[in-house]
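In: Need a 3D model of the sequence below.
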Amino acid sequence: MFNFTKLFWHNSKPQTGKLLGANLINLVIILLLFSIALLPIQLIMNMWLMYMFTGQGNMVSIVLATLGSVLLILLVYLFVVFPLYTGSTRSYRNTLLSNKSMTLKDFFASFKGRIWRKAVLIALFTILVLFITQLINFFLISGISKVAELIIQNAGISSADQSTMMVVQTVITVITGLVTSIFTWLAVIYITNSATSLVHDPDSKVKVHLKNAWLSMRNKNKTFLKFFISIIVLNFIIILLYGPIYTWIQLGLSGISQNVASIVTVVLNIVFFIIRYLIFFVIIGTIVQYFLNHGEKDQHLHQIK
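Out: From the prediction side, this is the model:
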C-alpha cells in the first residue's frame, strides 16, 4: 500500500532535509500571501452585517468591495500561489530524478515567460476543479449532518447527556472528515499531477498537462487504488489529530490554570502544525513519485512522452 511513499523516501535521500526545509519556507510564503489577500474579508463581512441589521452603508459599494476582494484572492492564486506550488513540485521532481538536484531557484522558475503563462492557465482550470470539489463536499456535509440528526433523535440522545453527545459529535466529525477527504485528495492529486507535468515537460501545451494529470490517475498498472488508499490513511492521522485528540486534550486542560493552559495550547498547536506539515510533505512527495513512475512500482523514473 505504501510502496510509493517508501520509494519517495528512498529516492529523496540525501536531499530530504533540504527538500523539507525549503518547502516549509515556500509554504509559509504561500500562507502569508493568502493571509494578506484575505485581510479585506473581515471588513467586508462587518459591512454586510451592519447593512443587514442596521441598514447602514451603500449596497452597491458593498457588492463592489466583495467582488474586488474575491478578484484579489483569485489573482493572487493565479499569478503567484499556483506558480509557487509548481515550484514545490519542481523541487520534489528534481530531488527524485537521479540526474537532477534541487536548488532554491526551483521554487521561482515558474515565473518566467511562457511557463508562467501556462501555469496561470492551468491554475485557472484548477479553480474549476476546486469549486466542484467544494460543491460536492458541501452536499456531503449537509447529507451527513441530516443523517446524524436523525440517528441522534431516533436513539433518544439528549443534549443534557454531554459525555454521550461529545462521543457522537466526535464520531460524526471523523466520518465527515474522512468522506470529504476522498474528493479533496482526488482534486489535490489531479492539481499536483498537472503542476508536475508542467515542470517535467514545460514545452508541451496546457491541454497536454491537463491530460497527463488525468492519465496518471488512470494508468494501466492498476496501482492507483492502493496508492490512493495510502494517501487517505496518512490524511486520516491528521483528521484524528485535529478531531478527537485535539478536542480531548483541550478538555483535559480545562482543569488547570488559564496561564498554563495557554502555554500548553501554544506548544500543542506548534507540535500539531509540524506533524501536519510532515504528513503533507510525505503525501505530496508520494503523489509526485507516483506521477513520475506512471504508477510503476520500480525505482526507474520514466520521462513523459
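
In: Torsion angles phi and psi at residue 58?
Out: Phi and psi for residue 58, reported as degrees, to the nearest 10, are phi -100, psi 120.

In: Can you get me a residue count around it?
Out: 11 (other C-beta atoms under 10 Å). For every residue, glycine as well, the C-beta is placed using N, CA and C.

In: pLDDT wise, what is it at?
Out: pLDDT for residue 58: 76.

In: Identify the residues contacting it.
Out: Under the criterion of C-beta atoms under 8 Å, 6 or more residues apart in numbering, the contact list for residue 58 is empty.

In: Swap in 10 Å and give it another go.
Out: Applying C-beta atoms under 10 Å, 6 or more residues apart in numbering to residue 58 gives the contacts 47, 51, 64-65.

In: What of residue 89?
Out: Here residue 89 is in contact with 23, 106, 110, 191-200, 284-285, 287-288, 291 (criterion: C-beta under 10 Å, 6+ apart).

In: On the secondary structure side, give me the element for it.
Out: Per DSSP states H and E: residue 89 is located in helix 82-96.

In: and after that helix, which helix or strand comes next?
Out: helix 113-155.

In: Do you have the helices of the chain handy? List them.
Out: In the chain, helices defined by DSSP state H lie at 3-12, 16-54, 59-76, 82-96, 113-155, 162-200, 206-217, 224-240, 246-253, 258-293, listed in chain order.

In: any idea how far the third one is from the chain center?
Out: What it means is helix 59-76. 24 Å (C-alpha atoms, centre = their mean, to the nearest Å).

In: Buried deepest among the helices of the chain, which one?
Out: helix 82-96 (a mean of 25; mean count of other C-beta atoms under 10 Å).

In: so for it, what's the average pLDDT?
Out: The model assigns helix 82-96 a mean pLDDT of 95.

In: could you dump it to PDB, C-alpha only?
Out: Output in PDB follows, covering the C-alpha atoms of helix 82-96 (Å, rounded to 0.1, in the frame of the first residue of the first chain):
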ATOM      1  CA  PHE A  82       0.000  28.300  -8.000                       C
ATOM      2  CA  PRO A  83       3.300  29.200  -9.700                       C
ATOM      3  CA  LEU A  84       4.900  28.800  -6.300                       C
ATOM      4  CA  TYR A  85       3.200  25.500  -5.900                       C
ATOM      5  CA  THR A  86       4.600  24.300  -9.200                       C
ATOM      6  CA  GLY A  87       7.900  25.400  -7.800                       C
ATOM      7  CA  SER A  88       7.300  22.900  -4.900                       C
ATOM      8  CA  THR A  89       6.500  20.100  -7.300                       C
ATOM      9  CA  ARG A  90       9.700  21.000  -9.300                       C
ATOM     10  CA  SER A  91      11.800  20.700  -6.100                       C
ATOM     11  CA  TYR A  92      10.300  17.300  -5.500                       C
ATOM     12  CA  ARG A  93      10.800  16.300  -9.100                       C
ATOM     13  CA  ASN A  94      14.500  17.400  -9.200                       C
ATOM     14  CA  THR A  95      15.100  15.600  -5.900                       C
ATOM     15  CA  LEU A  96      13.600  12.400  -7.100                       C
END
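
In: Compute the inter-axis angle for it and helix 162-200.
Out: Helix 82-96 and helix 162-200 meet at an angle of 80 degrees, taking axes from the mean of the first three to the mean of the last three C-alpha atoms, to 10 degrees as the criterion.
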